[in-house]
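S.K.: Structure of the sequence below:
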Amino acid sequence: MSFLTKFSLKNVFAIFIISFLFILGGLFSFSKLKVDLLPNIEFPQLSIQVVYPGASPKDINEQVTGKLEDKLKGIEGLKKLQSSSYESISIINLEFPFNVELDSVEENVNSLIKEANLPENVQIDVNRFSFGTFPIFNISLFSEKNSNLQDLLNNEVIPELNKIQGINSISIGGLTEDLLQITVDKNKASQYGLTLNQIKDQINQKQFSFPAGSIKGTDVIIPIRVQEKVDVVNDLQNLILQSPFVPNSPAIKLSQIANIEEITSKAEITRFNLKDSLSMAVTKKQDANTVEVAGQVLKVLKKYEDQLDFAIGFDSAQGIEKSVNTLIKEGLLGALFASMAVLVFLRNFRATIIAIISIPLSLLVSSIFLYQLDISLNIMTLGGMAVAVGRVVDDSIVVIENIFRRVRKEKSNISNDLIQNSTKEILKAITSSTITTVVVFLPLGFVGGITGEFFLPFALTIVFSLLTSLIVAITLVPILAKFSFKKVPKEEKEGILQRTYEKLIHWALNRKAIIIGLSLLTLLGSGALVPRLGFTFIPNEEQKLLVATVQLPASTSLERTNDISLEVEKMFDSKPEIKEVTAGIGSRDFQTGVKRQNQANYFISLADDIKVTKFIKQLGKEMEDIVLAQEPKAKLGLQEQSTGGPPSNNNVNINLYSTDLVALQQAAKNVENFMIKQKDLKYVTNNFSEKQKQIVVDIDSEKASRLGISGYQLLATISDMTKPITVGTLELDGKNQSVQLSYDLQTDSIDELKNIQLFTSKGPIEVKEVAKITQIDEFTSIQKLDGKIFAQISAVIDSNDIRAVSTRVIEGVKNEVDIPDNVSFEGGGGSDDTVETFTQLGLAMIIAIGLVYLTMLITFGKARIPFIILSSLIFVPIGSLLGLYLANEPMSVSVMIGLLMLIGIVTTNAIVLVDRIGQNRDEKQMPIREALIEAGKTRLRPILMTAFATIAALIPLALTTSSGTLISKGLAITVIGGLTSSTLLTLILIPVIYELFFFKQQRKEQSKTNSMSI
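M.R.: The predicted structure is shown next:
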């Protein structure tokens, strides 16, 4: 690659123009990068939601869920099939490996759904899951100046928001619905033999319009349409009704048996800080720029600020901007610290500027590649840039230091030949070291699942930056050196650092056993720290946004849920630690997406200086005091909002399986109670829901047939008595109105249900004459995993040693909890995935070392040299483990990625030293020991400079206290510690190992030297 240096020196102006164009291209690309918190990863998961109105969980399970499971379980590559059957709704989640072609799987799933023979009136929705499907906003909206907020949203705001290119969906909670309520006098309707369904049918019969041929004129054909309409409320009141079942029954007007009035109703209630509001949830398209979309949404809302006011309860864009700004700040500080480290060693301002020129150039050029690959600016790409800051300067440091040293040493003035020779002298070293660092990231492709997908943008950012830095070092840096080093002071005598190092090398080479023994003892000692560190997937971080739920018994009404929620919200409002609370009563459940009138959900925003772990326990206790005093069987949940990203795996799951649902429920409760008592667990949840009372009407087929009563007639009659009937939307008085029918008196007891009259051709009879009516307890949901009914009790592990706590909990459940014989037990959770990921990363490291060896073998052409260089890796854990121990950081995926990076970074220093040793031996024919000492003294400064520049650049990341340190703290501490220990040991140990590998030749040279001295 020396031809690039030669070309650059001959075409200086062209190189400057090219560099300038790359800078402009980089700035443009950086400004155009989508900004997001996380990489845009589409999970290989499909969610099927089937709505079957009115069906019980048992019916849903038998008629929908079970049929779908039978069809779907045979799909090729299916990893996990989990289902939940609730009242009126079934949710089935399918999970596949990351290498699956999801388009073809989705097509297959849709085909199998069509073959499943589901009931006719079901609604089916199939969705994919990705980071982009999470809402980016939860906004509370209020009316200003008595404006009709609901009409304003429906007619103006939402249509305008939907025009925003990146918007996926806008959903509004807390809407009121205007209804035309027809309340039928139950006793009068019974006298005339009319039911609600019959009234509904007769209303709809008056709403028809059909073509009826045409009249052919001389010049035109005129179509004929026959229609009948009820288009004013007065017509509805005068509608003539007659019973089809009671012969000769008198015809009556609807107004004689019913009261017609306009009412408003709410399916859910939403509030912000105790103030009634509407709630808007905004989701973006998968590939849209979160920050840009959020900004446009707020811009639209501000246009209507004279008619509406709004408050943001949850804003992912704000968190993204904070994380991005933090990483940019840490990256800039890292660049500054790296520059200072270079200046300290070179003590020449011009040389320092040249050395650090690769930082902005490399990062800007990498932005061009990221833009072309449609990779967003997120915590992984920014983390990659922040980590790369210290490493991209290494090649330039080695080049500029070598040119600077040669210029000071030469008596003649600086020339193209001198610069070219100086660059060529270290070209092999910097090329092989950069390629070595690049190839260590290739094995990330072997790390399956979300870990490999999640860290891919991080790896690509570093790879692009490093390759660019190599090109900059051998093209632009020599040109800048040519103009900057025309007048430099001549080389001084060896400093105290070189002289001390020379004495140390002599001492170490004469005491190889002591050096190797001490190194191994230090390594073993650091290994003893591992059990104290603990193992986790991603370290737990405190979030200042909490999510809470209050779930009352299943039959609780919306009004009752709202009353209790108000008391909880008043308690929240009295807390100075809480800034804002967004409440949704009867809104969608956070986890299942199912609407429950017996549940209240909350987003709770805390003040920045609050210690979340301590406060959350206190808040949870006060919630229990309020809710459980009124509803002892209520379930409460309170935890920090998940930030997304790869699963934290900081959880333990206990799965119980049985066909005996009563035994399963009791076993689940026993396990739940045990886990609640464990001090290292928090947020214990039990998915096996409570029971609720259910009335079963069991028809006697023989009696029903004899009386001419069908099951559907009985169903319709009972439905009339127990719930309103929707007539549909009618155009009345010039506007579309939803019309609803209900009786003035509802059926409130089993006895009343038994006495409901059925109209037959043989006269009226009571329900109890053709059906047996009993009350039973039925589970509110049925959960299945891979086709087997199961209960899952889960908890988040509040410890840095996930593996140890998980094992202890599983063993505790096995040995201490009473689990019936007909209930099978299975323990697991995040620790299993963590071990698997750590194993994969360990394999990736072994592969990386193999690739590094192969790269160096090709570079140096000698089998022994790569082994000498790789020996420096053995002692990397010393500093890394000690650093993690001192910083109280656990072993995590970030730490493993840091160790993977160190394979490339550490070998760089060894390559620079060994390359010089080879030059001394091959070109200058020096004896081994003399070559070792000269190479050590010559390469001491660039080795220390590159190491300290990398370490200095990572210090801001290591010291960060901000949230979102997924790619920062653990990784930075690992690299700093490992690089520090390996650099010090490289300077001492590599010469020792080198002499050992060539001990025969060194002994001959030593004997020859001794004989000559005699």
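
S.K.: alpha carbons only for contacts and neighbour counts from here, please
M.R.: Fine.

S.K.: Can you show me the helices along the stretch 251-400 of the chain?
M.R.: For the stretch 251-400 of the chain, helices defined by DSSP state H, counting those that start in this stretch occupy the ranges 254-257, 290-303, 316-346, 349-356, 358-372, 379-409.

S.K.: So for the shortest one, mean pLDDT?
M.R.: Meaning helix 254-257. On average, the pLDDT along helix 254-257 is 87.

S.K.: Highest mean neighbour count out of the helices of the stretch 251-400 of the chain?
M.R.: helix 379-409 (a mean of 26; mean count of other C-alpha atoms under 10 Å).

S.K.: Please compute how far the longest helix seen in the chain lies from its chain's middle.
M.R.: Counting by DSSP state H, the longest helix found in the chain is helix 449-484. In terms of C-alpha atoms, centre = their mean, to the nearest Å, the gap separating the centre of helix 449-484 from the centre of its chain is 28 Å.

S.K.: what angle separates it from helix 379-409?
M.R.: 30 degrees (axes from the mean of the first three to the mean of the last three C-alpha atoms, to 10 degrees).

S.K.: Can you tell me which helices and strands helix 449-484 packs against?
M.R.: helix 2-10, helix 12-32, helix 349-356, helix 358-372, helix 379-409, helix 416-439 (3 or more C-alpha pairs under 8 Å, 6 or more residues apart in numbering; DSSP states H and E).

S.K.: Nearest residue to residue 240 in space, please, no chain neighbours.
M.R.: residue 253 (4.6 Å; C-alpha to C-alpha, 6 or more residues apart in numbering).

S.K.: Next one: residue 276 relative to residue 173, how far apart?
M.R.: Here the criterion is C-alpha to C-alpha, to the nearest Å. By it, residue 276 lies 11 Å from residue 173.

S.K.: the inter-axis angle of the helix or strand residue 835 falls within versus helix 449-484?
M.R.: Assessed by DSSP states H and E, residue 835 sits inside helix 830-860. Interaxial angle of helix 830-860 relative to helix 449-484 (the same axes, to 10 degrees): 40 degrees.

S.K.: Output the contacting helices and strands for helix 830-860.
M.R.: helix 416-439, strand 651-657, helix 802-816, helix 864-870, helix 893-922.

S.K.: Let me have these in a markdown table, extended by mean neighbour count.
M.R.: Putting the helices and strands packed on helix 830-860 into a markdown table (neighbours: other C-alpha atoms under 10 Å) gives the following:
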| stretch | mean neighbour count |
| --- | --- |
| helix 416-439 | 21 |
| strand 651-657 | 23 |
| helix 802-816 | 18 |
| helix 864-870 | 20 |
| helix 893-922 | 24 |
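
S.K.: how about the ones you listed in JSON lines, adding mean pLDDT?
M.R.: Shown next, in JSON lines, are those (pLDDT from 0 to 100):
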{"stretch": "helix 416-439", "mean pLDDT": "86"}
{"stretch": "strand 651-657", "mean pLDDT": "86"}
{"stretch": "helix 802-816", "mean pLDDT": "85"}
{"stretch": "helix 864-870", "mean pLDDT": "85"}
{"stretch": "helix 893-922", "mean pLDDT": "84"}
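
S.K.: Below-threshold pLDDT in the stretch 51-200 of the chain: ranges please.
M.R.: 130-134 (pLDDT under 70).

S.K.: quick one: the strands in it?
M.R.: Here the stretch 51-200 of the chain has its strands, by DSSP state E, counting those that start in this stretch, at 80-86, 89-95, 123-130, 135-143, 167-173, 176-184.

S.K.: Run the chain-centre distance for stretch 906-922.
M.R.: 44 Å.

S.K.: Provide the contact partners of that stretch at residue level.
M.R.: By C-alpha atoms under 8 Å, 6 or more residues apart in numbering, the surrounding residues in contact with stretch 906-922 are 426, 428-430, 432-434, 436-437, 865, 869-870, 872-873, 876, 926-928, 931-932, 934-936, 939, 943, 947, 979, 982-983, 986, 990.

S.K.: any idea of the angle the longest helix of the chain forms with helix 12-32?
M.R.: Going by the same axes, to 10 degrees, helix 449-484 makes 150 degrees with helix 12-32.

S.K.: Pull out the buried positions in helix 449-484.
M.R.: 449-482 (16 or more other C-alpha atoms under 10 Å).

S.K.: which residues sit in contact with residue 657?
M.R.: Counted by C-alpha under 8 Å, 6+ apart, residue 657 has contacts 664, 788-791, 823-825.

S.K.: Residue 663 versus that one, what's the distance?
M.R.: Applying C-alpha to C-alpha to residue 657 and residue 663 gives a distance of 10 Å.

S.K.: Show me whatever sits in contact with both of these two.
M.R.: What both residue 657 and residue 663 touch, as defined by C-alpha under 8 Å, 6+ apart, is the set residue 823.

S.K.: before we move on, back to that, I'd like to know which of the helices and strands packed on helix 449-484 lies nearest to residue 50.
M.R.: helix 379-409 (36.2 Å; C-alpha to C-alpha).

S.K.: what distance separates the host helix or strand of residue 975 from the centre of its chain?
M.R.: Element membership for residue 975 (DSSP H and E) is helix 969-997. Relative to the chain's own centre, helix 969-997 is displaced by 35 Å; criterion: C-alpha atoms, centre = their mean.

S.K.: List the buried residues in it.
M.R.: Quick answer for helix 969-997 (16+ other C-alpha under 10 Å): 969-983, 985-995.

S.K.: Stretch 46-53 now?
M.R.: 46-52.

S.K.: How about stretch 629-642?
M.R.: Quick answer for stretch 629-642 (16+ other C-alpha under 10 Å): 634-641.

S.K.: I'd like the helices and strands packed on helix 830-860 laid out as TSV, including distance to residue 296.
M.R.: As requested, these are arranged in TSV below (distance: least, C-alpha to C-alpha, whole Å):
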stretch	distance to residue 296
helix 416-439	39
strand 651-657	38
helix 802-816	42
helix 864-870	53
helix 893-922	35
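
S.K.: relative to helix 379-409, how tilted is the helix holding residue 975?
M.R.: Using the same axes, to 10 degrees: helix 969-997 against helix 379-409 is 40 degrees.

S.K.: Who are the packing partners of helix 969-997?
M.R.: Looks like helix 969-997 contacts helix 496-509, helix 512-527, helix 864-870, helix 876-887, helix 893-922, helix 928-958 (3+ C-alpha pairs under 8 Å, 6+ apart).

S.K.: how about JSON lines for these, with distance to residue 30 added?
M.R.: Conversion of the helices and strands packed on helix 969-997 to JSON lines gives the following (distance: least, C-alpha to C-alpha, whole Å):
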{"stretch": "helix 496-509", "distance to residue 30": "42"}
{"stretch": "helix 512-527", "distance to residue 30": "42"}
{"stretch": "helix 864-870", "distance to residue 30": "37"}
{"stretch": "helix 876-887", "distance to residue 30": "33"}
{"stretch": "helix 893-922", "distance to residue 30": "25"}
{"stretch": "helix 928-958", "distance to residue 30": "21"}
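
S.K.: Which one of those helices lies nearest to residue 550?
M.R.: Taking the helices and strands packed on helix 969-997 one by one with C-alpha to C-alpha, helix 893-922 is closest: 34.8 Å.

S.K.: hang on, the earlier thing: buried ones in the helix holding residue 835?
M.R.: 830-834, 837-838, 840-849, 851-853, 855-857, 859-860.
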